[in-house]
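Participant: requesting a structural model of the entry that follows:
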Amino acid sequence: MSGMKHTLPRRGFVSAAVAGTALLLGVAATSLAQSDTRPPIGFTALFNGRDLMGWRGGDTFDYRKLVAMPEAERSKMIEKWTASMHEVNPKTEKPHWYVENGELVNDGFGAYASTDTPYGDFEFMVDYKTVPKADSGIYLRGVPQIQIWDHTEADPQNLGRAKGSGGLWNNSPGKPGKDPLVLADKPFGEWNSFRTLMVGSRVSVWLNGQAVVDHAVLENYYDRKVPVPAAGPIRLQTHGGEIRWRNIFLRPIAGEEANSILSRKGEDPGFTTIFNGKDFTGWEGPLDNYEIVDGAIRCKAHKGGTIFTKEQYGDFVVRLEFKVPPGGNNGLAIRYPGSGDTAYAGMCELQVLDENYETVTKSKLDPRQVHGSAYGMLPAHRGYQRPAGEWNFQEVTVKGSRITVELNGTVILDGDVGPVKDFMANSPHPGKDRATGHFGFAGHSDPVSFRNIRIRKL
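Facilitator: Take a look at the predicted model:
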């Protein structure tokens, strides 16, 4: 529970050839009938069925803080956790974690089993079998967690046991994903199968072939104001009752597939394509400074200016993909009046900037200049952009004076420009209170590209 117990039910598995399609369509995979350490095509076995190679000890501890520790201090802490895993239980005369019949077994005590390797976006599969009154879970990128527990046990604290396993239990009450969508646990003595898809902070979970979490944001238990890390370990939690694990497989998800998963709702009713991929129909501004290359709008090198939709928008959601060259700089014009500098005359300019802009250009950025920030007003979180030259998926929601920016599945900005009075360089933004305006791209001499641009009025 609160940061100490959550595991996951398991997915069924799909061959790599159909894995991506199955994920997008929400197709449940078929769970393995028996222990088989051979991974499906495209997957890697995280547990070899023989020993704990690739695993170390872990705890409910912020992975960011662990990484930030001096190496000697970090190593000492990991050694302590790992030693706890191997301590012998005097009642069973076995270590807290051991391998039996090709299964990874925990007696309900000791530190948690954590992968040595951190993972970013992935599809994860695992089977588990537990006992009555047990409480466990799976940490994703070191963050708790996918819950596993006894749904038949009395629940005087009203923790939600009767709803079953598979939910993101540490999400805030009422938030999507906290409670599983259906009760999918099998009777005790039978194996359960989890399949989990994590792209950015968004998590989908299938338990025994049934969707229990659908594309929900995993909140950061350690600091809810900060997104979960871009990468971190898988951690199997233990909580007072025996749990067995097998068929632990993981498949990394690369950028193009991640973008497809994140845009799976892009054809939802209400979304309209505002760029046809062929010409600038429906767009205005200095169009000669832009070009269409492979179905994408690209600012010409050494050119710029703001191009914008003929239509104006009040509250809206826009989804698009963008690609920056090293040191690339552009911006999204939000409620642009049709003339002037969109960062000041419009509601704001949302920065589109290479994550490594400072290194490439040898310059220093104000936090309100980094990618995703409302330029000069609100800073965005860093560290979630793909390398220069790769396509990123971004969703922007504008409601009243509030702006939310989700980059590659992680919310990097969620703020209100209305009350902002502290401006970068003390330069006021007179347009920040605009209620309507055009949407567009504010080029700054670099060949930044945009494609698959869709918008929905709210």
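
Participant: and Gly400, how far from Val417?
Facilitator: Applying C-beta to C-beta, to the nearest Å, the value for Gly400 to Val417 is 10 Å. Every C-beta, even on glycine, is put in place using the N, C-alpha and C of the backbone.

Participant: name the residue in the two with the higher neighbour count.
Facilitator: Val417 (22 against 13; other C-beta atoms under 10 Å).

Participant: and the pLDDT at the more buried one?
Facilitator: Val417 carries a pLDDT value of 98.

Participant: likewise for Lys76?
Facilitator: For Lys76, the predicted pLDDT is 98.

Participant: wait, a helix at it?
Facilitator: Yes: inclusion of Lys76 in a helix is indicated when DSSP: H, G, I helix; E, B strand; the rest coil is applied.

Participant: how much space separates it from Lys65?
Facilitator: Lys76 is 14 Å from Lys65, by C-beta to C-beta.

Participant: do the same with Glu87
Facilitator: On the measure of C-beta to C-beta, Glu87 and Lys65 end up 25 Å apart.

Participant: Gly440 now?
Facilitator: 41 Å.

Participant: between these two, which is the more surrounded one?
Facilitator: Between Gly440 and Lys65, Gly440 has the larger neighbour count (other C-beta under 10 Å), namely 23 against 12.

Participant: average pLDDT for the helix or strand hosting that one?
Facilitator: Assigned by DSSP states H and E, Gly440 falls within strand 437-444. Mean pLDDT, strand 437-444: 98.

Participant: show residues contacting that strand.
Facilitator: With contact meaning C-beta atoms under 8 Å, 6 or more residues apart in numbering, strand 437-444 is reached by 274, 283-285, 289-290, 297, 299, 303-313, 316, 318, 329-338, 342-343, 346-347, 349, 352, 448, 450, 455.

Participant: direction included, what does that strand pair against?
Facilitator: Strand pairing for strand 437-444, using DSSP bridges, gives strand 304-313 (antiparallel), strand 329-336 (antiparallel).

Participant: tell me the span between the first and last residue of stretch 381-398.
Facilitator: 18 Å (C-alpha to C-alpha, to the nearest Å).

Participant: try stretch 95-106
Facilitator: OK, stretch 95-106 end separation, C-alpha to C-alpha: 8 Å.

Participant: which parts of it are buried?
Facilitator: Pro95, His96, Trp97, Tyr98, Glu103, Leu104, Val105, Asn106 (16 or more other C-beta atoms under 10 Å).

Participant: following element in sequence after the strand holding Gly440, please.
Facilitator: Strand 437-444 is succeeded, C-terminally, by strand 449-457 (DSSP H and E).

Participant: name the helices or strands packed onto that next one?
Facilitator: strand 272-273, strand 296-299, strand 316-323 (3 or more C-beta pairs under 8 Å, 6 or more residues apart in numbering; DSSP states H and E).

Participant: with just CA atoms, put that strand into PDB.
Facilitator: Extracted as PDB, the C-alpha positions of strand 449-457 are listed here (Å, rounded to 0.1, in the frame of the first residue of the first chain):
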ATOM      1  CA  SER A 449       9.600  19.900 -38.100                       C
ATOM      2  CA  PHE A 450       5.900  19.200 -37.100                       C
ATOM      3  CA  ARG A 451       3.500  16.500 -38.300                       C
ATOM      4  CA  ASN A 452       0.300  14.700 -37.400                       C
ATOM      5  CA  ILE A 453      -1.300  17.900 -36.100                       C
ATOM      6  CA  ARG A 454      -4.800  17.500 -34.700                       C
ATOM      7  CA  ILE A 455      -6.900  19.800 -32.600                       C
ATOM      8  CA  ARG A 456     -10.100  19.500 -30.600                       C
ATOM      9  CA  LYS A 457     -12.100  22.400 -29.300                       C
END
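
Participant: need the residues that contact it.
Facilitator: Against strand 449-457 from outside (C-beta under 8 Å, 6+ apart): 263, 266, 268, 270-275, 277, 293, 295-299, 313-323, 391, 439, 441.

Participant: of the residues you listed, grab the buried ones for ChimeraX.
Facilitator: Applying 16+ other C-beta under 10 Å to the contacts of strand 449-457, the buried members can be selected in ChimeraX as follows:
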select :263,266,271,274,275,296,297,298,299,313,316,317,318,319,320,321,322,323,391,439,441
